[in-house]
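Undergrad: sequence and predicted model, in that order:
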Amino acid sequence: MTNCQHCGRESPLISQALGLCVDCIRRDFAKVLPLIDKAHDRARKPFDLPHKPPKAEPGRSCHICANECRLAPGERSYCGLHRSREMPNFK
């Protein structure tokens, strides 16, 4: 059983990775968003993935997926499949 980090409720339905119950996410989304962001960062960090799609100015645009990253030299895309120097689909 895991406890919700926001309300303290205990339930087997609360994800250990997120640590929030669905009621708190629905009811207090703005308040729990920082906790969601931290969990998101923890999940992406082991794979060296950025927290948000890069939007470097200036940057080279990638149109491989819907995130449309703009990458600085050597920067990794949000999906993690490409670095700017490796991307053939730049415009």
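TA: Thanks, I have the structure now. Numbers count the residues shown, from 1 in each chain.

Undergrad: next, the buried residues of the helix ranked longest in the chain.
TA: Using DSSP state H, we find that the single longest helix of the chain is helix 29-44. The neighbour-count check on helix 29-44 (16 or more other Cβ atoms under 10 Å) flags 32, 35, 39 as buried. Placement of C-beta: from N, CA and C, glycine included.

Undergrad: what is it packed up against?
TA: Counting contacts by 3 or more Cβ pairs under 8 Å, 6 or more residues apart in numbering; DSSP states H and E, helix 29-44 packs against helix 22-27.

Undergrad: may I have the phi/psi pair for residue 3?
TA: phi -100, psi 140 (degrees, to the nearest 10).

Undergrad: mind listing what the nearest residue to it once chain neighbours are set aside touches?
TA: Nearest in space to residue 3, with sequence neighbours left out and distances taken as Cβ to Cβ, 6 or more residues apart in numbering, is residue 10 at 5.0 Å. Neighbouring residues of residue 10 by Cβ atoms under 8 Å, 6 or more residues apart in numbering: 1-4.

Undergrad: read off the pLDDT value for residue 10.
TA: What the model reports as pLDDT for residue 10 is 95.

Undergrad: do the same with residue 86
TA: 46.

Undergrad: partners of the lowest-mean-pLDDT helix or strand in the chain, with directions?
TA: Using mean pLDDT, DSSP states H and E, the weakest-scoring helix or strand in the chain turns out to be strand 60-61, at a mean of 88. Strand 60-61 has its sheet partners listed here by DSSP bridges as strand 70-71 (antiparallel).

Undergrad: what's the offset of the partner strand from the middle of its chain?
TA: Strand 70-71 has its C-alpha centroid displaced from the chain centroid by 16 Å (Cα atoms, centre = their mean, to the nearest Å).

Undergrad: how does this protein divide into domains?
TA: Domains of the chain are assigned by automatic domain parsing as 2-47, 49-91.

Undergrad: least reliable of those going by mean pLDDT?
TA: domain 49-91 (a mean of 83).

Undergrad: so what's residue 17 up against?
TA: Applying Cβ under 8 Å, 6+ apart, the residues contacting residue 17 are 39, 42-43.

Undergrad: can you put the buried residues of helix 29-44 in TSV and add distance to residue 17?
TA: Shown next, in TSV, are the buried residues of helix 29-44 (distance: Cβ to Cβ, whole Å):
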residue	distance to residue 17
32	14
35	11
39	6
